[in-house]
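Student: Show me the folded form of this:
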Amino acid sequence: MPKKSTVEIEGLIEKAVYLHDVAHLTNKQIAEQFRQEGYVISTSSVQRALRAKKLSEKEFQKKLKETEIFIEATKNTPGLQMAKAGTDIAMVMLLKELQGMEDLSALSEGEILDKLARIVKAQKDIAKVSLDYERGYKQGLFCAQKAIEKVVQQGGVSKPAAEKILQELGLKQ
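Tutor: From the prediction side, this is the model:
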């Protein structure tokens, strides 16, 4: 992780952004103004702070766009699939955050493991519900097929009509 600029450390980043973007001052002019206010800030420190701020804003805009795309792509998706996608995203975000941390001592091992365990448990629960749903769906189709065959044998539905129903259900080609 790059060194924090003095501008960031002193909490002057918003003022530096304002002076740069609104007042149209150069990095050198901004540094000079801060020096006149009693801060020991170099031109390169101002430049680093402004660059970091712009990168941060770009990253935020990128994540916002990705979120909008995800919402649009999944707006008609069943809740279970949404939950699966959400836990997958949470896992990726957590792992990315852990990779970016230089000092993991801020979190205890228990906290890290707890966060991972919660996401893994959620993924396991979603997989179980998906499997149970699939089993139930297949059992329902099997029962429907048997009921249709029974009705055909009793003469309540013609064989071609039953074949068409079974074909619509995906039980016959």
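Student: Check which helices and strands the helix or strand hosting G110 is in contact with.
Tutor: When elements are defined using DSSP states H and E, G110 is found to belong to helix 109-154. Packed against helix 109-154, as judged by 3 or more Cβ pairs under 8 Å, 6 or more residues apart in numbering; DSSP states H and E, are the following elements: helix 79-100, helix 159-168. Placement of C-beta: from N, CA and C, glycine included.
Student: The last one vs helix 109-154, what angle?
Tutor: Same thing as helix 159-168. Computed with axes from the mean of the first three to the mean of the last three Cα atoms, to 10 degrees, the direction of helix 159-168 lies at 170 degrees from that of helix 109-154.
Student: For stretch 43-60, list every residue counted as buried.
Tutor: When neighbours are counted by 16 or more other Cβ atoms under 10 Å, the buried residues of stretch 43-60 are found to be S45, V46, Q47, R48, A49, L50, A52, K53.
Student: Now that stretch - C-alpha only, CSV.
Tutor: Backbone C-alpha positions of stretch 43-60 (Å, rounded to 0.1, in the frame of the first residue of the first chain) are rendered in CSV as follows:
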residue,chain,number,x,y,z
THR,A,43,3.6,19.6,-4.0
SER,A,44,4.1,15.9,-4.5
SER,A,45,2.1,15.2,-1.4
VAL,A,46,-0.8,17.2,-2.9
GLN,A,47,-0.4,15.3,-6.2
ARG,A,48,-0.5,11.9,-4.5
ALA,A,49,-3.6,12.8,-2.5
LEU,A,50,-5.5,14.1,-5.5
ARG,A,51,-4.5,11.0,-7.5
ALA,A,52,-5.6,8.7,-4.7
LYS,A,53,-8.9,10.5,-4.3
LYS,A,54,-9.6,10.3,-8.1
LEU,A,55,-8.7,6.6,-8.1
SER,A,56,-11.0,6.0,-5.2
GLU,A,57,-13.8,7.8,-6.9
LYS,A,58,-13.2,5.8,-10.1
GLU,A,59,-13.3,2.6,-8.1
PHE,A,60,-16.5,3.6,-6.5
